[in-house]
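**Student:** model the following, please.
(2 chains)
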Amino acid sequence: MANGVMTQTQHIPYLAQKGLKSWILTTDHKRIGILYLVTISFFFMIAGLAALGMRYELMTPELDFFRTATEYNVAFTLHGSLMVFFFIVPGIAASFGNFLIPLMIGARDVAFPRINLLSFWIYLVGTAILLSALAQPADTGWTFYTPYSIQTGTKVIMITLGVFVLGFSSILTGMNFIVTIHKLRAPGMTWSRLPLFIWASYATAILQLLATPVVGITLLLLIAERAFDIGFFDPAKGGDPILFQNFFWFYSHPAVYIMVIPAFGIISEIIPVFARKPIFGYKAIAYSSFAIAIISFFVWLHHMFVSGISETAAAIFSFLTMLVAIPTAVKVFNWTATLYKGSIDFHSSMLYALSFIVLFTVGGLTGVYLGALAVDVHLHDTYFIVAHMHYVMIGGTVMGFFGALHFWYQKWFGKVFDELTAKVAWFLIFVGFNVTFFPQFFMGFQGMPRRYATYPEEYISYHSLSTYGSWILGLGILIMTVNLLIPLWKKGRPESSNPYGSLSLEWQVPSPPPHENFDEIPTVTDWTYSYGKNRSEANAKK
Amino acid sequence: MSSTVEHAESHAHGHGLGDAVTHNAAKFGMWLFLGTEILLFGGLFAAYALFRAKFPDLFYDSHKKLDVTLGAVNTIVLIFSSFTMALAVSASQKRNRKWLMILLSVTFICGAAFGVNKYFEYSAKFHHNIFPDTNIFFALYFMMTGLHMLHVFVGMGIIFALIIMAKQGRFKEGNRYTPVEVGGLYWHLVDLIWIYLFPLLYLIG
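**Tutor:** Numbers count the residues shown, from 1 in each chain, chains lettered A, B, ... in the order given. Sure, this is the predicted structure:
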């Protein structure tokens, strides 16, 4: 290598080293990605089980599965806070972000590998604090709204402290990724050649940096409120409970985009590969992530239209909310245009990507609907919101996450899963998801409020249908998980290091990649999406 | 290999990153982190603005119970420590180990002096039965200065680590002074936040 000749050096895969120490002390971005992947998947399963429990309770109008309504409240608090803070916020950004960013930009690792490991440890400390609170978990819902979160007898401090600690992890990861993308791009990897997943990760990292500290201080104030009785959110002391909502949503609305923008990036990577066409509107997709990131900081009041705010503010925020739909629609149109006249290969990851487009569009459009003031007053705190939010979070982020799992599986683990089983699992997930959540639009519209363990007789058909759906969805996820886990214990490696003919850098290294990714840092001469050009060349040769 | 990629000789041939890249990356990373720190305090500043507009009299009456002299002394101590920190960065760039260690130690002592001062201030408040739950002003006072104090301690920890590293001779060669510069950035932020806290809490007109 020293004389510049490519020698066939032994590619020692990054997974070669065994033992606990090689994992908990690793600074390899690919291994840290796996650590995150395992942890977030664990919390996804726990939170998913809580959801199945809630759905089982809602099968009948009476309280029968849980012993008390408080137990049901604890279940939805656990479901919400675990899913949001422990799975979906760190989710794609920390797992696939860690694995892909250095590989995609042609770097050996992130800018600060040790801080990267520190982020993971901090994340673990946060989860440990949270798990210690499970003996007497909070029943406030994942939003911890005051004044209830100050008055309830359940352990709010531990769960908020856990989330507060996670914030540090999120900030350090975001900082690491921004610096990595700025400073470590391979020669020739200009901004206009960057893969769109990188653009999406960059926009996400900015949101993480700007929004997380605000939720950090909010949770700190809530802890101080409970521990020292400071009265910021207590009207009896001159405080303001609405201030908590303002602080909370100033973070938590941008956080919605921390959850979904990485999935946008994934879809932008999967679709051109399996449509064999260059991505349509590269710049529009890249910049729209930033437009979404910026606007997302100015829409938080739309969570508070019925909290007693001024009509002028409400009208302005209603307008701004609808404005977010424009850059989001730009993406959807560009993905659809990429598919147009493409030669589409329905690989399992492509099926997830296509379902993303459909389901996310439903989620996004119902969001515009909810942004309209009068409609929101009717639908606030009903199952319509629950359905809308799950169409964005599952239909959007989780579909993107599953798609990414199937797309980069061979690269990440150097194994091959069974494609037919993956397709069956996808089908069950797609059907189960819609059966679970589509009826919730209707019952929400008819007035079924969220967060109740019991309900009037008239909603029983919607609720039981939704519960059956949750079983199909759960079965689909179970089959998918088993299908992805089995190959890990089997021998055998992928036949090709680039089975889908991707032009992106991560596919040009062996599967699994060697320890420092590249023998030599590559020089990039073209953008990542020249699929059409290659096809016409291939056709010409024929 | 794909057509988009050709393996050529590149600058980043070795497996480590160049000194200049590491230096710039570390500074950039710290600046981003400082941005998040400002936003963390930003929440408190927003609460301050809201409650002061709501209760101007309460703020005026309560602030009189704070000790302006002690606050002013602490302000001078911190500004002086920022000055010595800046000189320490300069000393590290000139690879002057002796002065680097002296200046870092002075900065550390200033931080400690600030803490001692704050300890007396807090105990005087507690002695007069003033606690975070006394009223909104003191809730803000204790939250803001308490969170700031925590940052002073973290900064002192960083400076202590830098003194040890300097003693081991870690900043002798090349551009290895990056940690001093990055630690200095953090210390200046601690100073800067206090410069806002002092007039907002002690000097209400």
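**Student:** what's around the closest residue to A:Ala422 other than its chain neighbours, how many residues?
**Tutor:** In this structure, A:Ala422 finds its nearest non-sequential neighbour in A:Ser348, 3.8 Å apart by Cβ to Cβ, 6 or more residues apart in numbering or on different chains. In this view, the C-beta of every residue, glycine as well, is placed from N, C-alpha and C. Other residues near A:Ser348 come to 25 when the count uses other Cβ atoms under 10 Å in any protein chain shown.
**Student:** give the contact list for A:Ser348.
**Tutor:** A:406, A:419, A:422-423, A:426 (Cβ atoms under 8 Å, 6 or more residues apart in numbering or on different chains).
**Student:** in stretch B:116-135, what counts as buried?
**Tutor:** Using 16 or more other Cβ atoms under 10 Å in any protein chain shown as the test for burial, stretch B:116-135 gives B:117-118, B:121, B:125, B:130, B:132-135.
**Student:** save those as a markdown table, and put in secondary structure, distance to chain A and pLDDT too.
**Tutor:** A markdown table is the format used below for the buried residues of stretch B:116-135 (DSSP: H, G, I helix; E, B strand; the rest coil; distance: Cβ to the nearest Cβ, whole Å; pLDDT from 0 to 100):
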| residue | secondary structure | distance to chain A | pLDDT |
| --- | --- | --- | --- |
| B:Asn117 | helix | 22 | 95 |
| B:Lys118 | helix | 17 | 95 |
| B:Glu121 | helix | 17 | 94 |
| B:Lys125 | helix | 13 | 94 |
| B:Ile130 | coil | 13 | 92 |
| B:Pro132 | coil | 4 | 90 |
| B:Asp133 | coil | 4 | 87 |
| B:Thr134 | coil | 9 | 89 |
| B:Asn135 | coil | 7 | 91 |
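**Student:** list just the nearest of these to A:Asn73.
**Tutor:** B:Asp133 (28.1 Å; Cβ to Cβ).
**Student:** quick one: the helices in chain B?
**Tutor:** Secondary structure of chain B (DSSP state H): helices at B:19-54, B:56-63, B:68-93, B:97-127, B:136-167, B:178-202.
**Student:** ok, for A:Pro187, nearest residue in space, not its chain neighbours?
**Tutor:** Once flanking residues are discounted, A:Pro187 sits nearest to A:Thr523: 4.7 Å by Cβ to Cβ, 6+ apart.
**Student:** where does that neighbour fall, phi/psi-wise?
**Tutor:** phi -110, psi 130 (degrees, to the nearest 10).
**Student:** correct me, but it touches A:Gly188?
**Tutor:** Yes - at 4.8 Å, A:Thr523 counts as touching A:Gly188 under the criterion of Cβ atoms under 8 Å.
**Student:** one step back: okay if I get the helices of chain B as CSV plus distance to A:Leu370?
**Tutor:** Shown next, in CSV, are the helices of chain B (distance: least, Cβ to Cβ, whole Å):
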stretch, distance to A:Leu370
helix B:19-54, 26
helix B:56-63, 38
helix B:68-93, 48
helix B:97-127, 47
helix B:136-167, 34
helix B:178-202, 39
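**Student:** test my guess that A:Thr336 contacts A:Leu354.
**Tutor:** No - counting by Cβ under 8 Å, A:Thr336 does not reach A:Leu354; the two are 10.1 Å apart.
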